[in-house]
Structure formats: structure tokens, C-alpha cells
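> need a structure here:
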Amino acid sequence: MECQQVKADHCHLAGLLQPHDIPMTKWEIISMDFIIGLPLTSQKHNAILVVVDKLTKSAHFIPVRGTYEVVDVARVFINEIIRFH
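Predicted coordinates for the structure are as follows:
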């Protein structure tokens, strides 16, 4: 078969997994992502900024506009996340 002919036999195994360090305190390590392409709200928001704490897995969902610049996202992050944690 053609599929079996093009498979590489020289691939090496990836090796042992290297786990990430476990955070010692809440909100020490976070992840951020955007959910985009949503319908407009009455306040003209069409995206959601999702911020997740890696230790407790608690999350904040902040409505934002898809046209926000980096400065705007930083301002929202300070106002909504840093203020509480």
C-alpha cells in the first residue's frame, strides 16, 4: 500500500515527560486565552478573556471587544484580576 511506503521508520521516541513545577500559591501561575467570534452584546463586547489559575483551576471570564489593543487588555487584566488577587 502507498500509505505504508511513506511512513518513516527513523523516528525516535520522545523520551520521558518533563512535568511542570507545581505552583506554591494561588494565582502564581496563570494562563490566558480569548474566545472570539461571539455575537455583539449591548455593550459592544464580542469576545471573552479567560484567565485560569493553574493551582486551583479557578477562572475569570471577562467580556472584551475583539478590537482591543494590548494596552487595553493589560488595563482590563489589572482592573479585573490584579485587583482581586
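> list the helices and strands the lengthiest helix in the chain packs on?
Taking DSSP state H as the criterion, the chain has its longest helix at helix 70-77. Here helix 70-77 touches strand 47-53, strand 59-64, going by 3 or more Cβ pairs under 8 Å, 6 or more residues apart in numbering; DSSP states H and E. C-beta: built from backbone N, CA, C; applies to glycine.
> go again with 6 Å.
The criterion is 3 or more Cβ pairs under 6 Å, 6 or more residues apart in numbering; DSSP states H and E, and there are no helices or strands that helix 70-77 contacts.
> buried set for that helix?
Neighbour-count burial for helix 70-77 flags V73, V76, F77 (criterion: 16 or more other Cβ atoms under 10 Å).
> low-confidence stretches in the protein?
1-12 (pLDDT under 70).
> and if we set it to 90?
1-22, 83-85 (pLDDT under 90).
> and which of the buried residues of helix 70-77 is nearest to L17?
Nearest to L17 out of these is F77 (Cβ to Cβ; 30.9 Å).
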